[in-house]
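**Student:** Sharing a model prediction with you, sequence too.
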Amino acid sequence: MQNYKIYHNDKVIYLQGCDCDMEILSDSKEIVVNSEIELQLSIATFIAMTGPRTTILRSNCATDSLFQLFKKQFKIINAAGGMVLNDSSQYLFIFRRGKWDLPKGKLDSGESFNEAAVREVMEETGLPSVEITSELGKTWHIFQLKNRMALKRTKWYIMHTSAGESLSPQTEEDITEVKWFYRNEIEGIIETTHASVASLLERYFRKE
């Protein structure tokens, strides 16, 4: 059974069904839902919350079933991206809209996740070539898409390149800088990135 952790800006909501037991954090808000109407109201409450906040959404159904019902409330967007390492064991980040981030983007029609990840990384960073070496993880993020809310599923990959000297930010995607960082510099990046990306990085570096 997966641990469903979904972000909206710097807030996070965990989904917990009858088959899952989760420790209640002291600063978390717990919401119990027993119908789809209650779920819709709970999602609206979560989205309207301001500031960083953890919410645990509980239901008497199975966690996977709760997640399927949760997904029905949104337009699903698929995206892919990557964390690139070079021959000097540096990590590549982009600077977009005031935050350091990992390159990513939506899948084109008929495109696989790994194909999209490679394409988006090269487009956003200017790298002429990257190679996927392993999977990094998956994140879920709620955002506003025109007149309705969307739920973005992003699959992340670890990548390698030997062509680290050719970097060019994709300015039409609001990227203003592309930069390599050594491992001991990553802590500063984690403090200035999105909560979902920070969680992804922290999990990765804990496994080292």
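**Tutor:** Thanks, I have it. Residues are numbered from 1 along each chain as shown.

**Student:** which stretches of this structure have low pLDDT?
**Tutor:** 1-2, 22-26, 164, 208 (pLDDT under 70).

**Student:** Tell me how it divides into domains.
**Tutor:** 5-71, 76-206 (automatic domain parsing).

**Student:** End to end on the last one, go ahead and measure it.
**Tutor:** When you say that, I think you mean domain 76-206. End-to-end distance for domain 76-206: 30 Å, by C-alpha to C-alpha, to the nearest Å.

**Student:** Please apply the same query to stretch 19-29.
**Tutor:** 20 Å.

**Student:** quick one on the thing from earlier: put together TSV for the domains of the chain, with mean neighbour count on each row.
**Tutor:** Placement of C-beta: from N, CA and C, glycine included. Below are the domains of the chain laid out as TSV (neighbours: other C-beta atoms under 10 Å):
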stretch	mean neighbour count
domain 5-71	16
domain 76-206	17
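
**Student:** For the chain, give the strand that spans the most residues.
**Tutor:** Using DSSP state E, we find that the single longest strand of the chain is strand 131-145.

**Student:** chain center to that strand: distance?
**Tutor:** Chain-centre distance of strand 131-145: 5 Å, with C-alpha atoms, centre = their mean, to the nearest Å.

**Student:** Could you do stretch 126-134 as well?
**Tutor:** Distance, stretch centre to chain centre, for stretch 126-134: 19 Å (C-alpha atoms, centre = their mean).

**Student:** contacting residues around the longest strand of the chain?
**Tutor:** Strand 131-145 is contacted from outside by 4-8, 47, 74-75, 77, 82-83, 114, 117-118, 149-161, 196-197, 199-200, 203-204, using C-beta atoms under 8 Å, 6 or more residues apart in numbering.

**Student:** List the beta-bridge partners for the closest residue in space to K104 that isn't next to it in sequence.
**Tutor:** Excluding the flanking residues, the one nearest K104 by C-beta to C-beta, 6 or more residues apart in numbering is G81, at 2.5 Å. On the basis of DSSP bridges, G81 is bridged to K104, W156.

**Student:** Now do the helices in the protein.
**Tutor:** Along the chain, counting by DSSP state H, helices occupy 36-48, 63-71, 113-125, 186-190, 195-206.

**Student:** tell me the angle the third one makes with strand 131-145.
**Tutor:** Between helix 113-125 and strand 131-145, the angle formed by their directions is 80 degrees, by axes from the mean of the first three to the mean of the last three C-alpha atoms, to 10 degrees.

**Student:** which helices and strands sit right next to helix 113-125?
**Tutor:** If you count contacts as 3 or more C-beta pairs under 8 Å, 6 or more residues apart in numbering; DSSP states H and E, helix 113-125 packs onto strand 75-85, strand 91-96, strand 104-106, strand 131-145, strand 148-160, strand 175-181.

**Student:** repeat that for 6 Å
**Tutor:** Contact here means 3 or more C-beta pairs under 6 Å, 6 or more residues apart in numbering; DSSP states H and E; on that basis helix 113-125 packs against strand 75-85.
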